[in-house]
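A.B. asks: 3D model of this:
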Amino acid sequence: MTNKTYLDLIEKATFARVNAYAPYSGYKVGAALLCSDGTVFKGANIENSAYSETVCAERVAFFHAINKGGDRRDFKAIAIVGGKGNKITDFAYPCGSCRQVMSEFCSDKFKIVLYDGKEVKVTTLGKLLPDNFGPKNLGK
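C.D. replies: Residues are numbered from 1 along each chain as shown. From the prediction side, this is the model:
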């Protein structure tokens, strides 16, 4: 993938972040999930006063893509941006639950693109979740 692809994904994640509902933490996250056919699904975090019911931007994007079905289950990369208020302030790494959802649908080589407002960092799911439990453990 090219730097332009990463920058385009970051831009889409930044636009998705505008839709975040974060009245409790004030920490708004946007995600843009790239499918192999070029389709991009966006998501924003949605908080809830019962904190465990909060859904992260990454899972919103994945669930939206999965719900659409078809050939849009071959994922290449996801860009994630986040920060307090209206600024992107730091690298918003995916939480453990999001990493586990990613491992259900993506290989260890799946790209995770992070942006802190100044610098782009690209890593892989395998680096963030080594030795994951997934479909392979259940004979799938």
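
A.B. asks: please enumerate the strands of the chain.
C.D. replies: According to DSSP state E, the chain carries its strands in the segments 27-35, 40-44, 75-84, 111-115, 120-124.

A.B. asks: wait, which of those is closest to Ser52?
C.D. replies: Judged by CB to CB, the one of the strands of the chain that comes nearest to Ser52 is strand 27-35, at 16.2 Å. For the C-beta atoms, the positions are set from N, CA and C on the backbone; glycine is no exception.

A.B. asks: just checking: what are the partner strands of the closest one?
C.D. replies: Strand 27-35 has the following sheet partners, assigned by DSSP bridges: strand 40-44 (antiparallel), strand 75-84 (antiparallel).

A.B. asks: pull the CA atoms of the first one into CSV?
C.D. replies: By that I understand strand 40-44. Coordinates of each C-alpha in strand 40-44 appear next as CSV, following Å, rounded to 0.1, in the frame of the first residue of the first chain:
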residue,chain,number,x,y,z
VAL,A,40,-14.2,2.0,2.8
PHE,A,41,-16.5,1.6,5.8
LYS,A,42,-16.3,4.3,8.5
GLY,A,43,-17.1,4.2,12.2
ALA,A,44,-17.1,6.5,15.2
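
A.B. asks: same list (the strands of the chain) but as TSV, adding distance to Thr54, mean pLDDT and mean neighbour count.
C.D. replies: Listed next are those as TSV, based on distance: least, CB to CB, whole Å; pLDDT from 0 to 100; neighbours: other CB atoms under 10 Å:
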stretch	distance to Thr54	mean pLDDT	mean neighbour count
strand 27-35	10	96	25
strand 40-44	12	96	23
strand 75-84	13	96	24
strand 111-115	20	98	23
strand 120-124	24	97	14
